[in-house]
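**Q** Below is the structure, and that's it, no one-letter string:
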């Protein structure tokens, strides 16, 4: 048993929701932390007796739970928030987003957009984020400096990007990323291929081989639109999912974003290969791409996480809001209010997300031995009173603005809604200036 001399931080709260399966909330609970890891969870009175001299973070009337896990995003696109709305995906990308990226997304701009996204996510209780974009080494540096956990990739596409002129150059950058960041305590390097329609078969195979070599996650957009599926069937004779299986691309390392237009055969392929699916309901709704058949996926045993996508197609990185939309959307579509219960949705945004990003057993639950990534949600509001079921409360009542404290790997990153490692005022000022340049472009 740990003693007070080995604890660094003790988090006190009204209630602790560990997200361990079948575990009841711990009322007037506490979480003890040492060396970045959880060492004990229990009644606050008991733990205070054991560690009266360590630092105490008194979360007061808060619900303490694992930090949220965002399984799909393009962080620097926060600077393109609202640039092009009310458009279908193909026109949105080709006529607006890609031209803006080519003109404005250099290393400095990516760093700024990433800082803005990190600030937004931390203040919304997200402690782990996935990212597939450009200048990934810079993205890693920003997250590491801020103290946020990330699964970060340099995204491969067969055409040039703001950083690389050729796919070969991009693949070399991906290798350098994996070699340079594979032992970092907060950063997990990752491989990312943009999509089956934008990356050729040979390069998709190279991506899968590189991910296997370094044992890192492999991110890809998959079956996002009807156009993508119809084009794949017409030109390749198979759905995007079946096409990737034929290439040997699919595995438990794959994080497939969207999977909106997948049929029963596709779902079986995803389940059989252990693919993790990142459900991005708000982005899919806003671009009118459709609604992923999440209930069928869960029934087939597909592993599920939740993602915001980038702020250019979601307009916020508020994963807590997306939790509520996920639950309501699938209840409505199924006509069954018992489907997608709150506990299932909340698990997808915590332990489920951690699992598909290769971080299962490390984050996503509050459990001794796991890393101390914690979000504290204030209950001192009219809309958070009363509280009967913490899972239901978090999905249907809580808001991102309720976040009071955030701890990542045992370090307090947000205290009383103030970012401890970032200057939000400066980030907002510089982001507004960058947006003026982009708009006048």
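**A** Okay, I see it. Fair warning: this is a prediction, and the values are worked out from it, not measured in the lab. Residues are numbered from 1 along each chain as shown.

**Q** For stretch 24-39, buried residues please.
**A** 25-26, 29-34, 36-39 (16 or more other Cβ atoms under 10 Å). (Each C-beta comes from the backbone N, C-alpha and C, glycine too.)

**Q** Out of the residues you listed, flag the one nearest to residue 149.
**A** residue 36 (11.0 Å; Cβ to Cβ).

**Q** can you tell me how far that closest one sits from residue 182?
**A** Here the criterion is Cβ to Cβ, to the nearest Å. By it, residue 36 lies 18 Å from residue 182.

**Q** Secondary structure and distance to residue 283 for the buried residues of stretch 24-39 - can I get that in CSV?
**A** Shown next, in CSV, are those (DSSP: H, G, I helix; E, B strand; the rest coil; distance: Cβ to Cβ, whole Å):
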residue, secondary structure, distance to residue 283
25, coil, 32
26, strand, 35
29, strand, 35
30, strand, 37
31, strand, 33
32, strand, 38
33, strand, 34
34, strand, 39
36, coil, 33
37, strand, 34
38, strand, 33
39, strand, 38
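
**Q** Now do the residue of the chain most remote from its centre, the pLDDT please.
**A** In the chain, the residue that sits farthest from the middle, by Cα atoms, centre = their mean, is residue 49; the gap is 36.8 Å. Looking at residue 49, its pLDDT reads 88.

**Q** So which bits of the helix or strand where it lies are buried?
**A** Element membership of residue 49, judged by DSSP states H and E, is helix 44-50. Buried positions in helix 44-50, judged by neighbour count with 16+ other Cβ under 10 Å: 44, 47-48, 50.

**Q** go on, stretch 311-322?
**A** Neighbour counts over stretch 311-322 (16+ other Cβ under 10 Å) mark 311-322 as buried.

**Q** same thing with stretch 414-427?
**A** In stretch 414-427, counting by 16+ other Cβ under 10 Å, buried: 414, 419, 421-422, 427.

**Q** Looking at the residues you listed, which two lie furthest apart in space?
**A** Taking Cβ to Cβ, no two of the buried residues of stretch 414-427 sit farther apart than 414 and 427, at 14.3 Å.

**Q** Give me the phi and psi for residue 429.
**A** phi -60, psi -50 (degrees, to the nearest 10).

**Q** how about it, what does it touch?
**A** Listed by Cβ atoms under 8 Å, 6 or more residues apart in numbering, residue 429 has no contact partners.

**Q** Now the element after the lowest-mean-pLDDT helix or strand in the chain, going C-ward?
**A** Lowest mean confidence among the helices and strands of the chain (mean pLDDT, DSSP states H and E): helix 89-91, at a mean of 84. Sequence order places helix 98-104 as the next helix or strand after helix 89-91, per DSSP H and E.

**Q** buried ones in that next one?
**A** Those would be 98, 100-101, 104, for helix 98-104 by 16+ other Cβ under 10 Å.

**Q** just stretch 161-171 next, same as before
**A** Quick answer for stretch 161-171 (16+ other Cβ under 10 Å): 161-164, 167, 170-171.

**Q** any idea how far the helix holding residue 49 is from the chain center?
**A** Relative to its chain's centre, helix 44-50 lies at 34 Å (Cα atoms, centre = their mean, to the nearest Å).

**Q** For that helix, enumerate the helices and strands it packs against.
**A** Helix 44-50 is packed against strand 9-12, strand 29-34, with contacts defined by 3 or more Cβ pairs under 8 Å, 6 or more residues apart in numbering; DSSP states H and E.

**Q** any chance of the buried residues of stretch 414-427 in JSON lines, plus pLDDT and distance to residue 395?
**A** Output for the buried residues of stretch 414-427, formatted as JSON lines (pLDDT from 0 to 100; distance: Cβ to Cβ, whole Å):
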{"residue": "414", "pLDDT": "98", "distance to residue 395": "21"}
{"residue": "419", "pLDDT": "98", "distance to residue 395": "26"}
{"residue": "421", "pLDDT": "98", "distance to residue 395": "29"}
{"residue": "422", "pLDDT": "98", "distance to residue 395": "28"}
{"residue": "427", "pLDDT": "98", "distance to residue 395": "29"}
